[in-house]
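Participant: Let me see the structure of the following:
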Amino acid sequence: MAQLGSIARDGAVEGYVRRALVTTYTDWWRRKWTTEVPTDELPETADGQRDDEVSTRHDVMRALASLTRGQRAVIVLRYFDDLTEQQTADALGCSVGTVKSQTARALKALRSSPMLADQEEQR
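Facilitator: Alright, predicted model coming up:
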């Protein structure tokens with residue numbers, strides 16, 4: 001507001017307002033999407049396969065999140081990172097027996113997960 005007062009004292013209000021209008025119009029014009037073209041036919045839609053993939057991924061992530069931290073770590077290292085039992089044990093700082101038991105418990109929990117059961121029914 002203080003700046004507007006100095007503009008009014010200098011008598012440059014008209015120039016200030018003109019510049020503000022030009023700048024506002026230029027900003028609007030630059031943002032306007034000019035590549036849109038109206039058509040009679042709608043473009044092709046997705047086939048739905050991508051939606052199924054996203055849904056499956058979401059359900060797997062939710063099922064993994066329901067595991068304990070140790071079980072989740074073992075499953076990710078063994079099956080997503082494709083490590084051996086020994087490599088997984090070394091990475092986690094535990095014994096191979098612990099990796100085996102955590103893997104068995106995690107797989108049992110995932111097999112009985114209602115989130116993944118819904119995915120199996122859809123196939």
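Participant: which stretches of the protein form helices?
Facilitator: Taking DSSP state H, the helices of the chain run over residues 2-10, 13-31, 49-65, 69-75, 85-92, 96-111, 114-122.
Participant: D40: which of the ones you listed is closest?
Facilitator: Among those, helix 49-65 comes nearest to D40, with 26.4 Å by C-beta to C-beta. Any C-beta I mention is one placed from the backbone N, CA and C, and that applies to glycine too.
Participant: Just the buried residues of the closest one, please?
Facilitator: By neighbour count on 16 or more other C-beta atoms under 10 Å, the buried set for helix 49-65 is D59, A63, L64.
Participant: State the number of residues packed around the residue nearest to the last one when sequence neighbours are not counted.
Facilitator: In this case it means L64. Nearest in space to L64, with sequence neighbours left out and distances taken as C-beta to C-beta, 6 or more residues apart in numbering, is R72 at 5.5 Å. The number of residues packed near R72 is 16, by other C-beta atoms under 10 Å.
Participant: R72 and S55: what is the separation?
Facilitator: Using C-beta to C-beta, to the nearest Å, R72 is found at 21 Å from S55.
Participant: And for L107?
Facilitator: Computed with C-beta to C-beta, the distance linking L107 and S55 is 22 Å.
Participant: All set now, cheers.
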